[in-house]
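# quick check, what structure comes out for this input:
(one chain, ligands or ions: 1)
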Amino acid sequence: MSDRSQRTATCTANSNIAFIKYWGDRDPCLRIPVNSSLSMNLEGLTTRTRVTFDPKLAGDQLTLEDQPVTGEALARVSAFLDRVRQMAGISLFAEVRSSNNFPMGAGIASSASAFAALSLAAAHAAGIALGEKDLSRLARTGSGSACRSVPAGFVEWQAGESDEDSFAFSIAPPDHWDIVDNVVIVSQAHKTIGSTEGHALALTSPLQTARVADAPRRLALCRRAICERDFEAFADMVELDSNLMHAVIMTSTPPILYWQPPTLAVIHAVQAWRRQGWPVCYTIDAGPNVHVISLSAHADRVAQELSGISGVSKVLTARPGRAARVDEDY
Ligand code: PMV
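Numbers count the residues shown, from 1 in each chain. Below you'll find the predicted structure:
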């Protein structure tokens, strides 16, 4: 690409929900995690991002939901664009315009879809052709979980030990298993402590070492349950892993409690339904909202019951999602 021409690309990426969670970094700068993780892309919960490298710009610009953004968020995007500029051998600044179709900062991984879409759009606009693995590595440096929104369907992020071997890959395509994530929104507020800060606190909990030591076992069982479509085994691992992460979060210094009263009400409801034999389980990211996973045949009933719980403002449903993609028609 010539440094005098304007180049643009628009890309879309789905958010993802982790069944085996990433919490804590071995290398916080490169976002190399302490444990491997496993997730599902969420079809329809998306970020769409347009990147334009423009010789007329005197600095990077960021617009989120049509609002100009400066400060820390712009600095994070700028630092990420520096990587892309270095890879492409260009020095042009970029205009980044991004919008989500779900609330940001409340336990739906907006940074995952945001940095997956940004990676693809920035690489495409800069004229560098990256394969899925390298795109996943690049997305990881923006936000760890973003590397899992690059490949399709059910995705494993191999922790690795360095920038080269820490990336995500698909273990099964979206149509492998007909399950649904019922995303239960109990708060749309921005969380007080973001995940970057949370990762840095993980080791202050005496429980983190035990959580990490047992992570390969949980991941292997969860992977097998997904491959064999064994909901019972899957549900056991997903709930255990989420509880372990929140136990670490609650016992860090300072302690963090992401849950709100309706979060707990949903957990109790899901436990009761499971005792009655419904194929449902819960998992919670770094926020108060609850992801209730169910077999698709039960999803309508589950969503309806969830909507009736006091404090629940909305239930979004998402099936296993596609890979990050370039929007040709934009
Ligand atoms: O990618 P980050 O830094 O936003 O961390 C994500 C952390 C969790 O969402 C809580 C767990 C995960 O694996 O997605």
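
# how about low-confidence regions in the stretch 1-150 of the chain?
In the predicted model of the stretch 1-150 of the chain, residues 1-4, 103-109 satisfy pLDDT under 70.

# now do the helices in it.
All helices of the stretch 1-150 of the chain, identified by DSSP state H, counting those that start in this stretch, fall at 71-88, 110-126, 132-142.

# ranking those helices by burial, who's on top?
helix 110-126 (a mean of 28; mean count of other C-beta atoms under 10 Å). (Glycine included, C-beta is placed from N, CA and C.)

# tell me where this protein has strands.
In the chain, the strands defined using DSSP state E lie at 7-20, 25-27, 32-33, 37-53, 61-64, 67-69, 94-100, 154-158, 167-172, 179-185, 280-283, 290-295, 314-318, 325-326.

# just checking, what packs against the first one?
Taking 3 or more C-beta pairs under 8 Å, 6 or more residues apart in numbering; DSSP states H and E as the contact definition, the neighbouring helices and strands of strand 7-20 are strand 37-53, helix 110-126, helix 208-227, helix 231-250, strand 280-283, strand 290-295, strand 325-326.

# the third one to helix 231-250, inter-axis angle?
Meaning helix 208-227. 160 degrees (axes from the mean of the first three to the mean of the last three C-alpha atoms, to 10 degrees).

# for the ligand, which of the strands of the chain is the nearest?
Among the strands of the chain, the nearest to the ligand by C-beta to the nearest ligand atom is strand 7-20 (3.3 Å).

# list the strands paired with that closest one, with their directions.
Within its sheet, strand 7-20 is paired with strand 37-53 (antiparallel), strand 325-326 (antiparallel), according to DSSP bridges.

# near the ligand, anything from it?
Yes - between strand 7-20 and the ligand, judged by C-beta under 6 Å from any ligand atom, the touching residues are Ala18.

# picking up where we left off before, can you list the helices of the stretch 1-150 of the chain in a markdown table and add distance to the ligand?
A markdown table is the format used below for the helices of the stretch 1-150 of the chain (distance: least, C-beta to the nearest ligand atom, whole Å):
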| stretch | distance to the ligand |
| --- | --- |
| helix 71-88 | 11 |
| helix 110-126 | 5 |
| helix 132-142 | 9 |
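
# counting neighbours, what do you get for Asn101?
Residues near Asn101, counting by other C-beta atoms under 10 Å, number 13.

# and the gap between the closest residue to it other than its chain neighbours and Phe19?
Once flanking residues are discounted, Asn101 sits nearest to Thr46: 5.7 Å by C-beta to C-beta, 6 or more residues apart in numbering. Taking C-beta to C-beta, to the nearest Å as the measure, Thr46 falls 20 Å from Phe19.

# same thing with Pro254?
Counting by C-beta to C-beta, the gap from Pro254 to Phe19 is 28 Å.

# cool, Ile293 as well?
Distance from Ile293 to Phe19, by C-beta to C-beta: 8 Å.

# overlap in contacts of the two?
Residues touching both Ile293 and Phe19 comprise 234, 238, 283, with contact defined as C-beta atoms under 8 Å, 6 or more residues apart in numbering.

# show me what contacts the second one?
Okay, so that is Val238. Counted by C-beta under 8 Å, 6+ apart, Val238 has contacts 19-20, 222, 281-283, 293.

# would you format the residues you listed as JSON lines with distance to Val155 and neighbour count included?
Listed next are those as JSON lines, based on distance: C-beta to C-beta, whole Å; neighbours: other C-beta atoms under 10 Å:
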{"residue": "Phe19", "distance to Val155": "10", "neighbour count": "28"}
{"residue": "Ile20", "distance to Val155": "11", "neighbour count": "27"}
{"residue": "Cys222", "distance to Val155": "12", "neighbour count": "24"}
{"residue": "Cys281", "distance to Val155": "19", "neighbour count": "25"}
{"residue": "Tyr282", "distance to Val155": "20", "neighbour count": "24"}
{"residue": "Thr283", "distance to Val155": "15", "neighbour count": "25"}
{"residue": "Ile293", "distance to Val155": "15", "neighbour count": "24"}
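
# follow-up on the earlier one: including distance to Val315, could the helices of the stretch 1-150 of the chain go into a markdown table?
Listed next are these as a markdown table, based on distance: least, C-beta to C-beta, whole Å:
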| stretch | distance to Val315 |
| --- | --- |
| helix 71-88 | 28 |
| helix 110-126 | 18 |
| helix 132-142 | 28 |
